[in-house]
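>>> Predicted structure and sequence below. I'll ask about it afterward.
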Amino acid sequence: MPRTIAVNTWVWTSPLTDATLGPLARKAADMGYQALELPLESIGDWDPARSRDVLDDLGLGAIVIGAMGPGRSLLAQAGDVGATQDYLRSCIAAAATLGSAVVAGPFYAPTGATWRMSADERAQMVRELRENLEPLASDAADAGVALAIEPLNRYETSVLNTVEQSLDALAPLLGAGVGLALDTYHLNIEEKKPTRAIRAAGSAIAHVQVCGSDRGAVGDDHTDWPEILRALDDAGYRGPLGLESFTGENATIAVAASVWRPLAESQDELAARSIQALRVLGA
């Protein structure tokens, strides 16, 4: 059975709002997407109940994406832990309202925050991350939602870069309330063999995001997509594939995602070409 293919609204805009959700949802549905990834950059940007109604009318599913801007961190060194826990509880509540099985994102530190760590410092970081994530894991499990923690490439974080690091750091919490979110862009940079990393993640995979190796469209890049899909099958993952790319027209998101040039002739073309490629691949 084909997987659900989703598209992140960051392909077109940032931040997502109630005003922009409807038109983007219709555009995605017309392209053949079956779900939307909804980034919740700030609480109140969009209303979960209203968004559920909009998506239901179009037959679209929802996947909530967390945004780790400045100050958001589960590590005291990098931000306000209490405020971040409150933010993630709001994301969990939004996911429960929308029927999203996950809240996905790099929920350990602000995207772009990097620092060196000795082995002892890294061990302490892991202990702190587990301690501050544990109550959220319980909240998520109670709501029927999983926090899908995403390892990022070395230029965007120094906390979790690889599947191996992530499995080790999150081991005591992996289960009903916590899993991994894998992104083919970051796998392409950090893993010796992305397919091996996918198979190693196995049942811990809670969400998967896809894009071309250049952060653009799927299908005409150097990623071995048939092997990626086979590895996901071997790992037992049959959940959604979410296209995550970004528009360079928004200054904030362009800098955050290092989008310095157009990634396609247009954002519509990027999204349309990606879902066509994924369907041809049998995703």
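Nice, thanks for sending it over. These numbers were taken from a predicted model, which means no experiment stands behind them.
>>> for residue 254, what are its contacts?
246, 247, 248, 260 (CB atoms under 8 Å, 6 or more residues apart in numbering). In this view, the C-beta of every residue, glycine as well, is placed from N, C-alpha and C.
>>> Also residue 151?
If you count contacts by CB under 8 Å, 6+ apart, residue 151 has them with 106, 157, 160, 161, 162, 163, 165, 166, 180, 182, 186, 190.
>>> Now rank those residues by neighbours and give me the top one.
residue 182 (30 neighbours; other CB atoms under 10 Å).
>>> Assess the claim that residue 45 and residue 14 are in contact.
No. Look at residue 45 against residue 14 with CB atoms under 8 Å: they stay out of range, at 9.8 Å.
>>> Return the list of helices and strands in contact with the host helix or strand of residue 97.
In the assignment (DSSP states H and E), residue 97 maps to helix 81-98. If you count contacts as 3 or more CB pairs under 8 Å, 6 or more residues apart in numbering; DSSP states H and E, helix 81-98 packs onto strand 35-40, helix 48-58, strand 61-66, strand 71-72, strand 102-105, helix 119-142.
>>> Please repeat the previous calculation with a cut-off of 7 Å.
Here helix 81-98 touches helix 48-58, strand 61-66, strand 102-105, helix 119-142, going by 3 or more CB pairs under 7 Å, 6 or more residues apart in numbering; DSSP states H and E.
>>> Show me which positions of the second one end up buried.
For strand 61-66, the neighbour count (16 or more other CB atoms under 10 Å) marks 61, 62, 63, 64, 65, 66 as buried.
>>> what pLDDT does residue 251 get?
pLDDT recorded at residue 251 is 79.
>>> Out of the contacts of residue 254, flag the one nearest to residue 221.
Ranked by distance to residue 221 (CB to CB), the contacts of residue 254 are led by residue 246 at 15.5 Å.
>>> quick check, the closest one in a strand?
No. With DSSP: H, G, I helix; E, B strand; the rest coil as the criterion, residue 246 is assigned coil and is not in a strand.
>>> my read: it touches residue 256, true?
No. Contact status for residue 246 versus residue 256: not in contact, 8.0 Å apart, counting by CB atoms under 7 Å.
>>> more crowded one of those two?
For residue 246 versus residue 256, neighbours defined as other CB under 10 Å are more numerous around residue 246 (24 against 19).
>>> Need phi/psi at the more buried one.
Phi and psi for residue 246, reported as degrees, to the nearest 10, are phi -140, psi 150.
>>> What of residue 217?
Note on residue 217: its backbone torsions stand at phi -70, psi 150 [degrees, to the nearest 10].
>>> For the stretch 101-250 of the chain, just list every one of the helices.
Assigned by DSSP state H, counting those that start in this stretch, the stretch 101-250 of the chain shows helices spanning 119-142, 163-170, 184-190, 194-201, 225-235.
>>> mean confidence score for stretch 88-107?
For stretch 88-107, the mean per-residue pLDDT is 98.
>>> And it, what's buried?
For stretch 88-107, using 16+ other CB under 10 Å, the buried residues are 88-98, 100-107.
>>> what sits up against that stretch?
Contact with stretch 88-107 is made by 40, 43, 48-49, 51-52, 62-68, 74, 136, 139-140, 143-150, 152, 157, 181, 206-207, as judged by CB atoms under 7 Å, 6 or more residues apart in numbering.
>>> closest to residue 278 among the contacts of residue 151?
When these are compared against residue 278 (criterion: CB to CB), the nearest one is residue 182, at 15.6 Å.
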